[in-house]
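**Q** Got a sequence here, can you model it:
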Amino acid sequence: MTAVQTTTTDTAAPAGGHIIINGRKAVHIPLETAIERKGETITAVHLMKPLAGDLRGLLLAELLQYKTDAVMKLLPRITVPTITDPEVSNMDTADLVTMAMEVAAFLTPKAVLESLQQ
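**A** Presented below is the predicted three-dimensional model:
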């Protein structure tokens, strides 16, 4: 099985493991359980840093608390390839938690992340 490759412009991942997709910081997420879609197997996705518009209708506090409904609503907006609502609903819980953690990291200010690493 191979991961679906993006058709967007990717660059090499810098030290933090981030890449750039359509001008947005993104991370590569290998899936614990592949998603089957009309003859293709998705074994990994790129999760793009949400923009303000991606967060419309969501509460930041709920995303930072890994609230399932909030994370599930956001994922179709920021995954490459786009993971649909039904695919998110059927996603392995380990994959959902991994993506929720990455979303929270994207929303956390850089200075806070750096202070936690010390």
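**Q** starting at the chain centroid, how far to the longest strand anywhere in the chain?
**A** Counting residues, the longest strand found in the chain (DSSP state E) is strand 24-37. How far strand 24-37 lies from its chain's middle: 7 Å, per C-alpha atoms, centre = their mean, to the nearest Å.
**Q** what's the answer for stretch 109-118, then?
**A** 20 Å.
**Q** Alpha carbons only: can I get that stretch in PDB?
**A** Output in PDB follows, covering the C-alpha atoms of stretch 109-118 (Å, rounded to 0.1, in the frame of the first residue of the first chain):
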ATOM      1  CA  PRO A 109       1.500  29.700  20.200                       C
ATOM      2  CA  LYS A 110       5.100  28.800  19.300                       C
ATOM      3  CA  ALA A 111       6.500  30.400  22.500                       C
ATOM      4  CA  VAL A 112       4.300  28.100  24.700                       C
ATOM      5  CA  LEU A 113       5.400  25.000  22.700                       C
ATOM      6  CA  GLU A 114       9.000  26.000  23.100                       C
ATOM      7  CA  SER A 115       8.600  26.500  26.900                       C
ATOM      8  CA  LEU A 116       7.000  23.000  27.200                       C
ATOM      9  CA  GLN A 117      10.000  21.400  25.500                       C
ATOM     10  CA  GLN A 118      12.500  22.800  28.100                       C
END
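**Q** how about the helices of the chain, start to end?
**A** 60-64, 68-78, 85-89, 93-107, 110-117 (DSSP state H).
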